[in-house]
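Engineer: Okay, here's the prediction I keep looking at, along with the sequence it came from:
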Amino acid sequence: MLGTVLESLSDRRLGRFLVLLLLCQALCFIIGSLVAPAPSSVMSMLGTKCIDKNYNSTQWYWRRGKQPCESIGDFDSPIVEEQMITANDVIFSFQIPIPKDGFVLDYSRWQQSLTAALYLDMPYSEGDGPAPDAVMTLDARLGYSDRGDPAGKWTEYASSKEYRHLACSIAQKRPGSMYSCSPVPLFRLGSLHHDFYLLNIRLPVDMFDTSEETGMNTKLGQINDMWVSFIHQNGGFTKVWLSLKTIFFPVVLVTVLWFWRRVAQLPRPPTLLENILVLLGASLSQLNCPLEYLTLALDCPWMPLLNDLRHGFFYATLLPFWLIFIGEHIMTDNKAISHGLYVLGVLLVLSGCLVPFAFDCVHYGRQLSNPFYAQRASGTLAMGMAVLKCILGGVYFCFLSYLIWKAFTDIGRRYQSLANKDQPNELSRPTCKRYRAMMAATHICAALTIIFIVLLRVSEAQATGYENIKLEYTSGFFTGVYGTWNIYTFSLLCLYAPSRINA
């Protein structure tokens, strides 16, 4: 069937498809690079140290606006000693977003999500440093307010008592030196439905149990300041991303339906390649469906989890498809070898998809009810998932490259063998070029996809506060890879659709 399909394609027709593929890829890269901003932005904010000797867990503390809290600049202030302020009387307040040039800014629902990581300023003090196994207890509350609400009205979004492991190190233990502590994952919102947010954090100390073994927050040492980095998706990037989805969704969906209609009219049952092509088109269509528009009207904290499920289904279809697609082009008479390669490839893909998928379901599923939830050492776990993805992605790409090389050599060997025997040869020289052109396009698309998957996982580890990662990337790469998936799938559906009903 493959030889018949590609033989029926003229060099000009195939050339047009390949040129279209390259042009659309370049266009998506250019749109992402020139029109869309970076996928996300980071804002670091120093916490305001509000003080209250009569702390009330139902009261909100803020710095800007009417009736601000009483605050101190540092713990060396005379007020601390005069009023005998203790750690239990200090509430770190973060009111976001921060005004700019005197203008009050608010969050936009186009910004989709918000992730926060906590940093501590801890000076070195002899005999009073953080313990190696220090556990930090946080009393955290997150509230929201919208434009039009009365001044000072904050509605609780979530509150929780959380425990975070603190890992700190110091280069030189001398007065004036600061500890370098790893960022602490704080919370994650899957939907930015409200205009303003207020975060209150306390580090309570058990005044009746000051033992370093059992006392609450007694192993932390001296804390001068608290910083929080807020990471949100850029609204401009979201608009470009959804615009591409809005364009590709109907195009790919109609093409899949057209392809299946042509296949269904054949007098024979569909081949394996035709079935997997339909499945690939369907999985890409569900990924293209712009469900993110719902977040503009509804509060959808489950959207990141749903998007992970959609991406996982697409990857679980795309990666095995390449193995089958290339395997169908390997012209070997030993069918058992091809079947064994299929099974090995599918098992490899499933193992690479299911483990991170289980991690995401547990972690992000729990965050639906408690945004402050974080698995123990979640930054390390996220980095472990990233390393696992890199390893499995590298193994998969090497295996795929081997299959492509085998397809190249088998096609050339078969063509040369039939040409030497002067037998009727369905593998003409132009047909061999078409085979190899499709293999080359598949190899490029696979390389971009593996890089894309790894970058997504590494960026998630970076967002959880894994400070050892210094990764920068542009939105052009994301939009370019996304456009590549759509144009590549569209091209395959058109090229491999039966050209005659009675074929």
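Structural biologist: Done, it's in.
Engineer: what separates Leu284 from Tyr482, distance-wise?
Structural biologist: Counting by C-beta to C-beta, to the nearest Å, the separation of Leu284 from Tyr482 is 10 Å. Every residue, glycine included, has its C-beta placed from N, CA and C.
Engineer: Of these two, which one has the most company?
Structural biologist: Leu284 (26 against 20; other C-beta atoms under 10 Å).
Engineer: Tell me which residues touch the residue lying closest to the more buried one once chain neighbours are set aside, please.
Structural biologist: Of all residues beyond its chain neighbours, the one nearest Leu284 is Thr489 (5.2 Å), with distances taken as C-beta to C-beta, 6 or more residues apart in numbering. When contacts are counted by C-beta atoms under 8 Å, 6 or more residues apart in numbering, Thr489 is found next to 252, 280-281, 284.
Engineer: Would you map the helices across the chain?
Structural biologist: 2-8, 11-30, 78-82, 235-264, 272-288, 303-329, 335-367, 378-420, 429-463, 475-495 (DSSP state H).
Engineer: would you list those in CSV and tack on distance to Leu105 and mean pLDDT?
Structural biologist: CSV is the format used below for the helices of the chain (distance: least, C-beta to C-beta, whole Å; pLDDT from 0 to 100):
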stretch, distance to Leu105, mean pLDDT
helix 2-8, 56, 44
helix 11-30, 30, 61
helix 78-82, 31, 77
helix 235-264, 12, 90
helix 272-288, 32, 91
helix 303-329, 23, 85
helix 335-367, 26, 68
helix 378-420, 29, 71
helix 429-463, 22, 73
helix 475-495, 22, 84
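Engineer: Quick one: closest of these to Asn56.
Structural biologist: Minimum separation from Asn56 across those (C-beta to C-beta) falls at helix 78-82, 19.8 Å.
Engineer: ok now the closest one, how far from the chain's centre?
Structural biologist: Between the centre of helix 78-82 and the centre of its chain there are 47 Å (C-alpha atoms, centre = their mean, to the nearest Å).
Engineer: So for it, what gets flagged as buried?
Structural biologist: When neighbours are counted by 16 or more other C-beta atoms under 10 Å, the buried residues of helix 78-82 are found to be Val80.
Engineer: what comes into contact with it?
Structural biologist: With contact meaning C-beta under 8 Å, 6+ apart, helix 78-82 is reached by 51, 72, 85.
Engineer: Now do the contacts for the second one.
Structural biologist: When you say that, I think you mean Ile72. Contacts for Ile72 (C-beta under 8 Å, 6+ apart) come out as 49, 51, 79-80, 85.
Engineer: tell me which of those residues is nearest to Asp101?
Structural biologist: Lys49 (25.5 Å).
Engineer: The closest one: neighbouring residues, count only.
Structural biologist: Using other C-beta under 10 Å, Lys49 has 25 other residues around it.
Engineer: could we number from 38 for the rest of this?
Structural biologist: Sure thing, new numbering starts at 38, so read that last one as Lys86.
Engineer: There's contact between Asp89 and Gln120 in this structure, I believe.
Structural biologist: No - with the criterion set as C-beta atoms under 8 Å, Asp89 and Gln120 do not qualify as a contacting pair; they are 10.4 Å apart.
Engineer: Spatially, which residue comes closest to Ile487, not counting chain neighbours?
Structural biologist: Leaving out its chain neighbours, the residue that sits closest to Ile487 by C-beta to C-beta, 6+ apart is Gly430, at 4.4 Å.
Engineer: Mean neighbour count, the helices of the chain: which tops it?
Structural biologist: Among the helices of the chain, judged by mean count of other C-beta atoms under 10 Å, the one packed with the most neighbours on average is helix 512-532 (a mean of 21).
Engineer: Can I get it as CSV, trimmed to CA atoms?
Structural biologist: Only the C-alpha atoms of helix 512-532 are listed here, as CSV (Å, rounded to 0.1, in the frame of the first residue of the first chain):
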residue,chain,number,x,y,z
SER,A,512,7.9,31.1,23.1
GLY,A,513,9.0,30.7,19.4
PHE,A,514,10.2,27.2,20.1
PHE,A,515,6.9,26.2,21.8
THR,A,516,4.7,27.6,19.0
GLY,A,517,7.1,26.2,16.4
VAL,A,518,7.0,22.7,17.7
TYR,A,519,3.2,22.9,18.1
GLY,A,520,2.9,24.1,14.5
THR,A,521,5.2,21.2,13.4
TRP,A,522,2.9,18.6,15.0
ASN,A,523,-0.1,20.0,13.2
ILE,A,524,1.5,20.5,9.8
TYR,A,525,3.2,17.1,10.0
THR,A,526,0.0,15.3,10.8
PHE,A,527,-2.0,17.2,8.2
SER,A,528,0.6,16.3,5.6
LEU,A,529,0.5,12.6,6.5
LEU,A,530,-3.2,12.5,6.4
CYS,A,531,-3.3,14.0,2.9
LEU,A,532,-0.3,12.0,1.5
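Engineer: hang on, the earlier thing: ok, which pair from the contacts of Thr526 is furthest apart?
Structural biologist: Using C-beta to C-beta, the pair of those lying farthest apart is Val289 and Leu317, separated by 10.0 Å.
Engineer: so what's Val79 up against?
Structural biologist: Val79 makes contact with 266-268, according to C-beta under 8 Å, 6+ apart.
Engineer: Looking at neighbours, which among these is most surrounded?
Structural biologist: Most surrounded of these: other C-beta under 10 Å gives Phe267, at 23 neighbours.
Engineer: now, which of the contacts of Ile109 sits nearest Leu331?
Structural biologist: Using C-beta to C-beta, Lys86 is the member of those that sits closest to Leu331, with 39.3 Å.
Engineer: Hmm, the closest one is touching Phe129, no?
Structural biologist: Yes - look at Lys86 against Phe129 with C-beta under 8 Å: they come within range, at 6.3 Å.
Engineer: follow-up on the earlier one: including distance to Ser145, could the contacts of Ile109 go into a markdown table?
Structural biologist: Formatted as a markdown table, these follow (distance: C-beta to C-beta, whole Å):
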| residue | distance to Ser145 |
| --- | --- |
| Lys86 | 30 |
| Ile88 | 34 |
| Ile116 | 39 |
| Val117 | 39 |
| Ile122 | 38 |
